[in-house]
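# With the sequence up front, the predicted model follows.
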Amino acid sequence: MQKLDNLTSHLSSEYDLQIANTIPYYNFFHQEILNLVESMDINPKCWLDTGCGTGNLVEKALQKFQSTVFILADPSADMLNKAKEKLGDNKNVEFLEPTPSQDISLSDQPSKIGDFRGAKNSTNFRAVDVITSIQSHHYLSEDERYKAVKSCYNNLDENGVYVTFENIRPLTVQGTEIGKEYWRKFQISRGKTVVDADNHIKRFGVEYFPITVEDHLSLLRKSGFSVVEMFWYSYMQAGFYCIK
Ligand SMILES: C[S@@+](CC[C@H](N)C(=O)[O-])C[C@H]1O[C@@H](n2cnc3c(N)ncnc32)[C@H](O)[C@@H]1O
C-alpha cells in the first residue's frame, strides 16, 4: 500500500478522482456553500479556505466572487501543491505555508495581494469576511477541534461568516451502524470495490473522529459565534454556518 501524504484516505494526486465516489453529494457541498454565502448580506473582500485540499471549493468560488481575495491553507504540503497547480496563476489567490487551522493567525501575516485592514486599521490586520473548513476538522481530538474552530472565530472580522462541513456521528449506536452501511453501499454503487469501501468505513472513529450534530452546535456556540445554524445533512455529513 502506498504511504498517504495527507490525513484523508486518498493520495493528493488521486483525491479529485476519488472524492466524489467517497463522499455523497461532495460537489453539492461546494455549490451550496456558494449559494449560501451569496444569500447573505456580505460582499466578501477576503475569504479563507482552511483544509483547502486540492482547492476545489475556491476553484468554483472564483467564478462567482470575482473581486474576492482567497487565502488557501492546509497542513499538507502535497495538498497545497495540487491546489497551486490548479489555482496558482490566479491573481486573487494566495497560499499560506502548510498550517493546520489551529495555528492560523492572519494578523501575523501581511497580505501579498492587497490591504484588508478594513475597519480595524492596525498595520497587518486582515479582515476576513468568510472562513470555510470543508471536511477538514474531523481528524482532530476534542481539544484540538476546539482550538481549530476558535482560531477560525478569531481570524474572522466582526459579523464574519464561518461555514463548515464534517463527517457526523449519528445520535445512537444503532443509527451509527445503519449510517455506516448506508455510506458503504453508496461507495460501492459509485464503483468502489467491497474491500475498498469496507476499509474506508473502518476509518470511522479510528482515523477520523466524528461528533454528533448536537456536539457540533455546542462547540460552535462555545467558540463564541452569535448565530449557529445547520443547513445541510445527508448520509453521514452535515454543514453548518455561523456568524461572529
Ligand atoms: C477530505 S479533505 C477536504 C479538502 C477540501 N476542503 C475539499 O472540500 O475537498 C481534508 C483536508 O483537511 C486537511 N486537514 C487535516 N487536518 C487539518 C487541520 N487540523 N486543519 C486544517 N486542515 C486539515 C487535510 O490535509 C486535507 O487536505
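Here it is on my side, so go on. Computed from a predicted structure; not experimentally measured.

# CA only for contacts and neighbour counts going forward, please
Noted.

# what's next to the helix or strand encompassing residue 131, contact-wise?
Following DSSP states H and E, one finds residue 131 within strand 128-134. Contact with strand 128-134 is made by 42, 44-52, 116, 152, 155-157, 159-166, as judged by CA atoms under 8 Å, 6 or more residues apart in numbering.

# Do that strand and the ligand come into contact?
Yes: counting by CA under 6 Å from any ligand atom, the ligand is contacted by strand 128-134 at residue 134.

# following that strand, which helix or strand shows up next?
If you walk from strand 128-134 toward the C-terminus, the next helix or strand you reach (DSSP H and E) is helix 142-155.

# gap between residue 136 and residue 226?
Taken as CA to CA, to the nearest Å, the spacing of residue 136 relative to residue 226 amounts to 22 Å.

# Name the residues of this structure found near the ligand, please.
Along the chain, the residues adjacent to the ligand under the rule CA under 6 Å from any ligand atom are 6-8, 50-53, 56-57, 74-76, 79, 100-101, 134-137, 139.

# Residue 164 belongs to a strand?
Yes: with the criterion set as DSSP: H, G, I helix; E, B strand; the rest coil, the secondary structure at residue 164 is a strand.

# Any idea what it is bridged to?
Partner residues in beta bridges with residue 164, using DSSP bridges, are residue 133, residue 240.

# surely it meets residue 240?
Yes: taking CA atoms under 8 Å as the contact criterion, residue 164 and residue 240 are neighbours in contact, 5.4 Å apart.

# got a pLDDT number for the nearest residue to residue 141 once chain neighbours are set aside?
Taking CA to CA, 6 or more residues apart in numbering as the measure, residue 141 lies nearest to residue 209, with 7.3 Å between them; neighbours along the chain are not counted. Predicted confidence (pLDDT) at residue 209: the value is 96.
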